[in-house]
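[1] Generate coordinates for the sequence data below:
(one chain, ligands or ions: 2)
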Amino acid sequence: MAALRTIQRWLPVLQRSCTAICPLHRPTTARFLPVRPFVLSAARGRNTDEVSKGRYTASTEEEEEEEDFIDDSEVEELFQQQDIAEVGQGQHRLFIVHPDVKWGSRKQHLTTAELMLAEAVGLVNTLDNWTVVDSIILSTKTPEKKRIFGKGNFQSLTEKIRQTAGITAVFVNVERLSPLSVKELKEAWGVNVFDRYSVVLHIFRCNAQTKEAKLQISLAEIPLLRSRLRNDVANLDQQGGRSKYIGGSGETLLEVQQRLLRERELKIRSALEKLRRKRHLLRSQRKHKEFPVVSVLGYTNCGKTTLIKSLTGDSGLQPKNQLFATLDVTVHAGQLPNHMTVLYVDTIGFLSQLPHQLIDSFSATLEDIKHSDLLVHVRDISHPETVNQKVNVLNVLKNLQIPERLLGSMIEVHNKIDLIDNYQFMDPHVLPISALDGRGLDELKMAVEAEIIASTGKHILDLRVDLSSPQLSWLYKEATVQDVEVDANDGSAIVKVVISTAAYGRYKKLFSVK
Ligand SMILES: Nc1nc2c(ncn2[C@@H]2O[C@H](COP(=O)(O)OP(=O)(O)OP(=O)(O)O)[C@@H](O)[C@H]2O)c(=O)[nH]1
Ligand SMILES: [Mg+2]
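    Ligands and ions are numbered 1, 2, ... in the order given. So this is what the prediction gives:
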């Protein structure tokens, strides 16, 4: 019976994957290159109105070029495949268990069990219809064992869970549980069992909007599918229910399923790789007429989106009191005090113990950070874990191999100072702000301006020129003119230019401009 259920569960996957892989089963015109990526570098050199209206999308010519590569249905097919994390769609009433490891290599040195439990509660509360019914911190010396806890603790925990009315699942706050562990715990507790990986994956699934995010999530799910497959087949073996070969194909059920998974993974990887190459190409093509790019990064929920909204006035941005509200990199134009236009990049937030596969699959998104002109690290200074969050962010940046130049010039801001009574400004190297009430934002803009000028040696300025003088033709020759807005009344024009510090100095001297 269990064997039958396994085959029934996998059959739709097999069928769908076969259709996707075998050219005989589908129209030959459908190609799997489904991504129209968000292209950070393509946003450089755009009309600022276009980018300031929220998420930048490719220009007409880029769109046409990339339209060929898009196939919505195939991305959806990969994404909607099944409830990988097995969390279901509806409501959940959860019991959270945090195993507290007091000794050995798994002990967490930088944080406390209470704060880690609070973060797990925060993850659950991020999801609509999910509530925490009860939670417990329980010490263990054997976190690697299937049942995680010693005999006594496990028994009392099981009793407590079974006596708690109305719970639908237990969330064990560890990075990953093995499939065998999940099976054993489910049997003991009589309800579904989740780990950090499945909960975070579910949050990502709920928040993913673009094709790129959906593909990255599909990629992150592959290891889960693989370990579940191994487990299912082991069960079949135990029950003696596995037929050796499938339909005379010469392949066993396990071999067929493993092959389909490999093929699925290759498809997703090749789509993401194409997207990466495309970005690279556009980046080099457009280098000469770029707007400076400022990437805003930090721990999840620290206020990145709120800050960019305040800096740019972009009403399309929607900050939320949620973990992982932002999953897609988006670009928004803002003005600095000297009228220079910069592009602020909103990025996905970081989280401690984020499952490795998720980091890997989202590293393509974060890769754009490397090509910024400046990084702004936002910290929620009101959060009890703010120091650990900073350590975590710096570690992830180190793993992403961000150039030294960028790390060295990174601006650190302390956000949410409105939540702290009598906030004392101690460190001269950080900027205290409140993205919500606007405190410190002028100082931040000035700091960004100074760093941008230092790192690019260029200004993007709106200059008023007298059309009867040779100013405009000089600018065409010596700088990059991006836009000319003529004022017919007084024979002048506002000219938007990208100009180096040296050229601007000559311009001011030549035309006696202050
Ligand atoms: N009191 C206060 N709340 C803030 C401030 N900045 C942001 N918030 C709140 O913090 C929550 C998270 O803000 P977001 O801007 O969505 O945070 P984020 O870093 O973009 O979060 P993710 O995209 O989920 O990583 C929202 O409820 C904001 O209103 C601030 O300066 N003061
Ligand atoms: Mg955000």
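[2] wait, does stretch 422-441 contact ligand 1?
    Yes. Stretch 422-441 lies within reach of ligand 1 by Cβ under 6 Å from any ligand atom, at 434, 435, 436. All C-beta atoms are positioned from the backbone trio N, CA, C, and that covers glycine.
[3] for the residues you listed, which one is nearest residue 304?
    residue 435 (8.5 Å; Cβ to Cβ).
[4] Checking that closest one next. Helix, strand or coil?
    Classification of residue 435 by DSSP: H, G, I helix; E, B strand; the rest coil places it in coil.
[5] I'd guessed it sits against residue 312; true?
    No. Taking contacts as Cβ atoms under 8 Å, residue 435 lies outside contact range of residue 312: 11.6 Å.
[6] Would you mind measuring from whatever residue of the stretch 201-350 of the chain ends up closest to ligand 1 to ligand 2?
    Closest to ligand 1 within the stretch 201-350 of the chain is residue 349: 2.6 Å, counting by Cβ to the nearest ligand atom. Distance, residue 349 to ligand 2, by Cβ to the ion, to the nearest Å: 6 Å.
[7] What lies in contact with stretch 454-467?
    Contacts to stretch 454-467, defined as Cβ atoms under 8 Å, 6 or more residues apart in numbering, come from residues 291-292, 338-342, 373-374, 405, 409, 453, 471-472, 475, 482, 486, 491-501, 504, 507, 513.
[8] Could you single out the nearest of the residues of stretch 422-441 next to ligand 1 to ligand 2?
    Proximity of these to ligand 2 (Cβ to the ion) peaks at residue 435, which lies at 11.0 Å.
[9] Which pLDDT value belongs to the closest one?
    With respect to pLDDT, residue 435 scores 97.
[10] Distance check, it against residue 341.
    Using Cβ to Cβ, to the nearest Å, we find residue 435 at a distance of 20 Å from residue 341.
[11] Tell me which of the two has more neighbours.
    The neighbour count for residue 435 versus residue 341, taken as other Cβ atoms under 10 Å, is higher for residue 435 (26 against 21).
[12] Now that one, what are its backbone angles?
    Residue 435 adopts backbone torsions of phi -60, psi -20, taken as degrees, to the nearest 10.
[13] In contact with it, which residues?
    303, 306, 307, 309, 310, 378, 415, 416, 441.
[14] where's the first one relative to residue 183, distance?
    Meaning residue 303. Residue 303 sits at a distance of 41 Å from residue 183 (criterion: Cβ to Cβ).
[15] again, but for residue 417
    In terms of Cβ to Cβ, residue 417 sits 48 Å off from residue 183.
[16] Between those two, which is the more surrounded one?
    Using other Cβ under 10 Å, the more surrounded residue of residue 417 and residue 183 is residue 417, with 20 against 15.
[17] What pLDDT does the model give the more buried one?
    Taking residue 417 on its own, its pLDDT is 95.
[18] cool, residue 98 as well?
    You'll see residue 98 listed with a pLDDT of 94.
[19] Residue 342 - how many residues pack around it?
    25.
[20] Could you list which residues are in contact with it?
    291, 292, 293, 294, 333, 334, 335, 336, 448, 452, 460.
[21] Repeat the analysis, applying 6 Å as the threshold.
    Going by Cβ atoms under 6 Å, 6 or more residues apart in numbering, residue 342 touches 292, 294, 334, 336.
[22] Looking at those, which is nearest residue 258?
    residue 294 (44.7 Å).
[23] Distance check, the residue in the stretch 101-250 of the chain positioned nearest to ligand 2 against residue 172.
    In the stretch 101-250 of the chain, the residue found nearest to ligand 2 is residue 207; the distance is 9.9 Å by Cβ to the ion. Using Cβ to Cβ, we find residue 207 at a distance of 23 Å from residue 172.
[24] all strands of the stretch 51-200 of the chain, in order?
    In the stretch 51-200 of the chain, the strands defined using DSSP state E, counting those that start in this stretch lie at 92-101, 130-140, 169-172, 192-194.
[25] Does residue 478 touch residue 503 like I think?
    Yes. With contact defined as Cβ atoms under 6 Å, residue 478 reaches residue 503; the gap is 4.9 Å.
[26] Spell out which residues are contacts of both of the two.
    Shared contacts of residue 478 and residue 503 (Cβ under 6 Å, 6+ apart): none.
[27] what's the closest of the strands of the stretch 51-200 of the chain to ligand 1?
    strand 130-140 (16.2 Å).
[28] what angle sits between that closest one and strand 92-101?
    Going by axes from the mean of the first three to the mean of the last three Cα atoms, to 10 degrees, strand 130-140 is angled at 20 degrees with respect to strand 92-101.
[29] Could you pull up the mean pLDDT of strand 130-140?
    Rounded mean pLDDT across strand 130-140 is 93.
[30] Likewise for stretch 494-510?
    Stretch 494-510 carries an average pLDDT of 89.
[31] now do stretch 392-402
    Across stretch 392-402, the average pLDDT comes to 83.
[32] Any buried residues in stretch 432-439, and which?
    Going by neighbour count (16 or more other Cβ atoms under 10 Å), the buried part of stretch 432-439 is 432, 433, 434, 435, 436.
[33] With stretch 117-129 instead?
    Buried residues in stretch 117-129, defined by neighbour count with 16+ other Cβ under 10 Å: 117, 118, 119, 120, 121, 122, 123, 124, 126, 127.
[34] Let me know the closest of those to ligand 1.
    Once Cβ to the nearest ligand atom is applied, the member of the buried residues of stretch 117-129 that ends up nearest ligand 1 is residue 126, at 8.3 Å.
[35] measure that closest one to residue 305 for me?
    Taking Cβ to Cβ, one finds residue 126 at 15 Å from residue 305.
[36] And what about the spatially most central residue of the chain, helix, strand or coil?
    For the chain, the residue nearest the mean C-alpha position is residue 348 (3.2 Å; Cα atoms, centre = their mean). Following three-state DSSP, we place residue 348 in the coil state.
[37] How many neighbouring residues does residue 487 have?
    Neighbour number of residue 487 under other Cβ under 10 Å is 11.
[38] Excluding chain neighbours, what is closest to it?
    Spatial nearest neighbour of residue 487, excluding adjacent residues (Cβ to Cβ, 6 or more residues apart in numbering): residue 493 at 6.3 Å.
[39] which residues does residue 458 bridge with?
    Residue 458 has these beta-bridge partners by DSSP bridges: residue 500.
[40] number of nearby residues for it?
    Per other Cβ under 10 Å, the neighbour tally for residue 458 reads 22.
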